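A.B. asks: just coords:
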């Protein structure tokens with residue numbers, strides 16, 4: 001029996017839609033983002049589930065209601081459309097670079113949702129963004145190409161007043177300093193499954209560096225803080241202090257601030273730029289966020305150990321939260337107890 005056969009009417013249909021999608025599709029989405037990206041093989045794994053969920057979405061209510069009820073899940077579906085609904089690379093480039101698809105990402109801020117809320121929602125949104133970047137590279141879209149394409153369609157916006165675009169990277173084009181050696185170091189750390197040295201990330205987050213570098217460095221710092229207390233330990237959920245968890249949240253807020261500052265500087269298709277850039281902001285946010293979820297997870301009574309549980313089995317505040325409401329409530333309680 002498919003999702004459309006068990007849904008009721010009205011608002012209940014929307015609630016049930018997200019509950020079903022988070023259970024079935026959410027599990028598959030986590031498997032998708034955690035596996036190496038292999039182009040068509042990876043798309044064959046995730047796209048049938050995406051198509052089923054999209055078909056249900058069309059029957060369960062209009063987009064504005066679905067977005068209000070579960071904005072992060074809604075944006076995850078919309079992001080996957082760049083992989084599943086636009087499998088031709090020319091169409092993907094047209095949507096991102098010409099039509100400036102994805103600028104609605106900032107709509108989350110209007111709902112008082114931040115990057116920390118995105119992670120704590122349990123939807124692997126940042127992991128999906130990282131996979132879009134992987135697909136663009138398979139499409140032959142390098143950062144240099146994306147920089148030239150974006151600059152061609154919009155007036156260069158440099159940090160130096162009146163300066164013209166220069167350099168081959170997005171940061172250099174706008175006159176920002178970037179540390180290429182640190183960029184390579186953080187990429188290698190992700191590929192090898194290790195953390196970046198804390199001091200290196202702190203130095204890379206200096207004020208005069210490119211916002212994209214500062215965002216990646218802040219995410220890497222959070223990733224370092226979230227490593228298990230004892231090397232080789234699989235025990236999570238008890239090693240982190242309350243202050244350390246707050247520090248991680250502040251770092252995620254810093255990543256958000258830097259990403260938004262880049263978006264405000266960009267006159268063109270900034271979402272395209274954020275997908276094509278070599279700074280692995282989304283990959284590092286996804287990895288650090290997954291660690292944070294394990295720290296915050298409540299073990300469901302019917303499940304085994306946390307490492308054995310599928311991601312969708314991690315208990316959340318409620319089965320289908322209206323995320324803007326529970327995020328605001330959680331923040332109020334945290335501030336009240338501070």
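C.D. replies: Alright, I've got the coordinates. Note that the structure is predicted; figures quoted are calculated from it, not measured.
A.B. asks: Just checking, which helix or strand of the protein averages the lowest pLDDT?
C.D. replies: Least confident helix or strand of the chain, by mean pLDDT, DSSP states H and E, is helix 323-337 with a mean of 51.
A.B. asks: Name the spans of this structure whose pLDDT lies under the cut-off.
C.D. replies: 1-26, 52-69, 103-111, 150-167, 229-240, 265-268, 297-338 (pLDDT under 70).
A.B. asks: Looking at it, which helix is longest?
C.D. replies: Taking DSSP state H as the criterion, the chain has its longest helix at helix 242-265.
A.B. asks: Give the buried residues for that one.
C.D. replies: For helix 242-265, burial by neighbour count (16 or more other CB atoms under 10 Å) applies to 248-249, 251-252, 254-260, 262-263. (Glycine included, C-beta is placed from N, CA and C.)
A.B. asks: for residue 88, what are its contacts?
C.D. replies: Counting by CB atoms under 8 Å, 6 or more residues apart in numbering, residue 88 touches no other residue.
A.B. asks: Need the distance between the two termini of stretch 191-211.
C.D. replies: 23 Å (CA to CA, to the nearest Å).
A.B. asks: what comes into contact with it?
C.D. replies: Contacts for stretch 191-211 (CB under 8 Å, 6+ apart): 170-171, 174, 176-179, 182, 185-186, 189, 213-214, 216-218, 220-221, 223-224, 227, 254, 258-259, 261-262, 265, 279.
A.B. asks: Put the buried members of those residues into a ChimeraX selection.
C.D. replies: In ChimeraX, this line selects whichever of the contacts of stretch 191-211 come out buried by 16+ other CB under 10 Å:
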select :170,171,174,176,178,179,182,185,186,189,213,214,216,217,218,220,221,223,224,254,258,259,262,279
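A.B. asks: Take the contacts of stretch 191-211 and keep only those in strands.
C.D. replies: Using DSSP state E, no member of the contacts of stretch 191-211 falls within strands.
A.B. asks: Now do the same for residue 87: helix, strand or coil?
C.D. replies: coil (DSSP: H, G, I helix; E, B strand; the rest coil).
A.B. asks: need the helices for the stretch 51-200 of the chain, in chain order.
C.D. replies: 63-69, 71-84, 89-93, 107-110, 115-120, 125-138, 143-153, 170-173, 180-192, 198-204 (DSSP state H, counting those that start in this stretch).
A.B. asks: Could you point out which of those helices sits nearest residue 288?
C.D. replies: Closest to residue 288 of the helices of the stretch 51-200 of the chain is helix 115-120 (CB to CB; 8.1 Å).
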